[in-house]
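Student: Just to be clear, the model below is a prediction. Sequence and coordinates:
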Amino acid sequence: MTVNTLILGLQWGDEGKGKIVDALAETSEAVCRFQGGHNAGHTLKVDGEQKVLHLVPSGILHPSVHCVLGNGLVISLPALEKEIVELEQSGINFDGRFYVSGDCSLILPTHIAIDQVRDKSEGIGTTGRGIGPAYEDKVARRAIRFGDLQDWQALQPRLEKLIAYHNKVLVHLYDVDPVPLETVIDELRAHQHLFQKFHCATQTLLRGWVKENKKIIFEGAQGSMLDIDHGTYPYVTSSSTTAGGLSTGLGVGPKHIGSILGITKAYTTRVGEGPFATELFDENAAQLAKIGHEVGATTGRPRRCGWLDLKALETIVFINSVTSLCLTKLDVLDGFKEIKVCTDYDDDGSPIYTTLPGWEQDISGIKEFDALPKSAQDYILFIEDFLESSIDIVSVGPSRDQTIYRN
Ligand code: IMP
């Protein structure tokens, strides 16, 4: 049985994956991402200091852990550079332990321009980072990939053609200014050193690690309900955020995944537009947002808040073959007299709730399941029972030590 673990968010992102990946990375040899781009925002609190990672895997904070950006990502070179520089400034070393697949598609300035102007009319509420347009070019087989930076002679005519196409879209479809070709070329040239330093045939690297039985964490970004196929389409991101994305996004087959840890908040949040059955608009929503600091890590937008949707999670647990669950931000529910969970929908698709008693006490310092108030234990057991999957980790605060390990 392989020792590798896939860690996925089961909702609309922001489940607190970063903290859990960071904690589990301590005993792992590598952390690898397989999809998305710098639309992700993994917030970690380490030694009292808050860090937000957008592209670099959360394992980077551990000096002996290797980190990989797999072929399934879309990468903005300036965003990558910025993040590396900031982390290096706080003493983190990337040398010889950070690898970027040559097959990653690049996010170009034109992708960002198209994303931002288009979302004004389409209203998905994207992060405006160029993610969707970059994935479009990947699927349309015209993307510029990280490995293309190796051969500028071959790249130049493809780039000219692609930017001309993007500018047609910008000028004729959206009536905005074009992005000069030189801007795009200058940006790529200015980051050529990233290619020299970090370019890697990551599929081969991963195959070697798997054969050597290295302990690997596969780190999902966003959440399952934002999956391009299984999410709340069209209000989704443009990548496969569910378990299937790992094999295509890193070149590692399913039998090399040992366990699949699904992360869910003890309630639900969503940034951006789209359906959200259990969304609240009352004082409970305000309380969840305030106590849970529910503001988007990437865009700073307020997150929409609501009760936990077990009915939706039931499907998501199946899609991902979740083998164990992690419940985060349970402490945010500390002040509630009653807590609702959606256990079904009526014929109109409105949620049918089961009401459970709250615990009305501070649990943020509790380290063991048995020390939790009875109704907090019951809340955990109810979820576990409904989803038929054990909750092995419970997070009761942002710091590494505010974590209850059950199994
Ligand atoms: P895009 O990924 O920028 O195209 O945005 C598509 C949708 O996914 C929008 O609703 C975003 O708010 C949402 N989204 C993208 N990345 C994240 C994330 O890391 N956390 C939460 N929502 C996200």
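Tutor: Structure received.
Student: Around the ligand, pick out the residues from this protein.
Tutor: For the chain, the contact set with the ligand under C-beta under 6 Å from any ligand atom comprises 12-14, 39-41, 124-127, 129, 131-132, 221-222, 226, 235, 237-238, 271-272. From N, CA and C alone the C-beta is placed, and that goes for glycine too.
Student: Can you tell me how far the residue of the stretch 251-400 of the chain at minimum distance from the ligand is from residue 121?
Tutor: Here the residue of the stretch 251-400 of the chain nearest the ligand is residue 272; by C-beta to the nearest ligand atom that distance is 2.3 Å. Residue 272 is 15 Å from residue 121, where distance means C-beta to C-beta, to the nearest Å.
Student: Neighbour count: those two, which is higher?
Tutor: More neighbours surround residue 272 than the other of residue 272 and residue 121, with 21 against 7 (other C-beta atoms under 10 Å).
Student: Quick check: which element contains the more buried one?
Tutor: Using DSSP states H and E, residue 272 sits within no helix or strand.
Student: Residue 385 now?
Tutor: Assigned by DSSP H and E, residue 385 falls in helix 374-387.
Student: What residues of that helix count as buried?
Tutor: 375, 376, 379, 380, 382, 383, 384, 386, 387 (16 or more other C-beta atoms under 10 Å).
Student: Tell me where the stretch 151-300 of the chain has helices.
Tutor: 152-168, 181-190, 192-198, 202-211, 244-250, 283-291 (DSSP state H, counting those that start in this stretch).
Student: where does the protein dip in pLDDT?
Tutor: 1, 46 (pLDDT under 70).
Student: now the most centrally placed residue in it: how far from residue 25?
Tutor: Of all residues in the chain, the one closest to the mean position by C-alpha atoms, centre = their mean is residue 221, 1.7 Å from it. Counting by C-beta to C-beta, the gap from residue 221 to residue 25 is 15 Å.
Student: Now that residue 67 has come up, it's in contact with residue 59, right?
Tutor: Yes - judged on C-beta atoms under 8 Å, residue 67 makes contact with residue 59 at a distance of 5.3 Å.
Student: If you count surrounding residues, which of those two has more?
Tutor: residue 59 (27 against 24).
Student: Most distant residue from the centre of the chain?
Tutor: Furthest out from the centre of the chain (C-alpha atoms, centre = their mean) sits residue 153, at 35.3 Å.
Student: Which secondary structure element is home to residue 119?
Tutor: helix 109-122.
Student: immediately after that helix, which helix or strand?
Tutor: In N-to-C order, the element after helix 109-122 by DSSP H and E is helix 131-139.
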